[in-house]
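Visitor: Predicted model and sequence below, questions to follow.
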Amino acid sequence: MEKIQEIFTDQIEDPKDPMRTDLDRDALFDLANNIKQNGLINPITVRPIGNHFEVVAGHRRLSACKIAGIIKIPCVVRDLSDEKAFEVMAAENLERADVDPVDEAVFITQYITRTGKSTKEVAESLKRSESYVRSRLEVGNMPEYMQHYLKTGELKLGVALVLNQITDEQTRHVWTDLAVRDGANIAQAEYWLMDWKRQLLPGGSRNDLPPNDYVPGEIRPVMFECAIDGEKYDARLCKSIIIYEGNLELFNAFVAEIKSPA
């Protein structure tokens, strides 16, 4: 059961687990000025916690009202469990464009920890795809510098998910910094990832720095050298074969025969 009632702002506590860890101060003061002029159009949602209330939906609006010096505000009062409160909070916040992937990751991780729900169950509760939930969980495990770039908007989420597949930390850090510097897109990030994977193949060489002829924004295919004719081809057109090591001598003789002048 829920009802709307006027509640003193000093009786309303901030959410125990806010989805947004940082509230834009300038935007908050703009909202406070707007509320001063026009009033609070939409009531916030709270739930009773002892003798006080906890805000469930409308954290920014509550903060702005306090800045504006508003003593009492209209609230929708709902009796909600922790799990339901999380779902209501998500319904409001996940629709907002200013919620960054890192805050989403923290929120979803807390949700799973508290409820013990599976990825599929969380996706259903939040009305999101399983891939969305998995990607946010991956964001939660990214290095701090990648999370910082995601929060500031300097790194695109798709690019970060690709580069995070690079398990060598120094290489990943170098390419992440370059992606931020040059505004790399997913295609460029996939090129770097494929090039790194190529370096791990037998005979490959490791290089933790970008190539000397690297041009920001230029997408070039990774080239593999064919063991048969020695020519280089687009890696996407190459196929892997498995040869027992005892047959390597026979294979090399076969290749030498093909390469020899007629």
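Guide: Alright, I've got the coordinates. Given the structure is predicted, the values throughout are model-derived calculations rather than measurements. Numbers count the residues shown, from 1 in each chain.
Visitor: Could I get the full set of strands for the stretch 151-262 of the chain?
Guide: In the stretch 151-262 of the chain, the strands defined using DSSP state E, counting those that start in this stretch lie at 223-225, 232-234.
Visitor: Distance check, Ala85 against Lys66.
Guide: 21 Å (CB to CB, to the nearest Å). All C-beta atoms are positioned from the backbone trio N, CA, C, and that covers glycine.
Visitor: okay, those two: which has more neighbours?
Guide: More crowded of Ala85 and Lys66, by other CB atoms under 10 Å: Ala85, with 22 against 17.
Visitor: what about the more buried one, is that helix, strand or coil?
Guide: At Ala85, secondary structure determined by DSSP: H, G, I helix; E, B strand; the rest coil is helix.
Visitor: Could I get the contacting residues of the closest residue in space to it that isn't next to it in sequence?
Guide: Leaving aside its chain neighbours, Ala85 sits nearest to Val56 (5.0 Å; criterion: CB to CB, 6 or more residues apart in numbering). By CB atoms under 8 Å, 6 or more residues apart in numbering, Val56 lies in contact with 15, 45-47, 78, 80, 85, 88-89.
Visitor: make it 7 Å
Guide: Listed by CB atoms under 7 Å, 6 or more residues apart in numbering, the contact set of Val56 reads 15, 45-47, 80, 85, 88-89.
Visitor: again, but for Met142
Guide: Contacts of Met142 by CB under 7 Å, 6+ apart are 160, 164.
Visitor: Secondary structure of it: a helix, I assume?
Guide: No: read with three-state DSSP, Met142 is coil and lies in no helix.
Visitor: Next one: the residue lying closest to Thr45 once chain neighbours are set aside relative to Asp79, how far apart?
Guide: Using CB to CB, 6+ apart and skipping residues adjacent in sequence, the residue nearest Thr45 is Ala57, 4.0 Å away. According to CB to CB, Ala57 and Asp79 sit 15 Å apart.
Visitor: Between those two, point out the one with more neighbours.
Guide: Neighbour tally, Ala57 and Asp79, criterion other CB under 10 Å: the higher count belongs to Ala57, 21 against 9.
Visitor: Let's see which of the contacts of Val56 end up in helices.
Guide: 85, 88-89 (DSSP state H).
Visitor: What distance do you get for Ile12 to Glu124?
Guide: Per CB to CB, Ile12 is found 30 Å from Glu124.
Visitor: If you count surrounding residues, which of those two has more?
Guide: Remark: of Ile12 and Glu124, Ile12 carries more neighbours, 21 against 13, as counted by other CB under 10 Å.
Visitor: Kindly provide the distance from the closest residue to the more buried one other than its chain neighbours to Thr167.
Guide: What sits nearest to Ile12 in space, not counting adjacent residues and going by CB to CB, 6+ apart, is Phe53, at 4.9 Å. Relative to Thr167, Phe53 is positioned 47 Å away (CB to CB).
Visitor: and those two? which has more neighbours close in?
Guide: Neighbours were counted for Phe53 and for Thr167 using other CB under 10 Å; Phe53 has more, 21 against 9.
Visitor: List the pairing partners of whichever helix or strand that one is part of within its sheet, with orientation.
Guide: Counting by DSSP states H and E, the element that carries Phe53 is strand 52-57. Paired with strand 52-57 in the same sheet, following DSSP bridges, are strand 12-13 (parallel), strand 44-49 (antiparallel).
Visitor: for the last one, what is the average pLDDT?
Guide: So that's strand 44-49. Here strand 44-49 scores 90 as its mean pLDDT.
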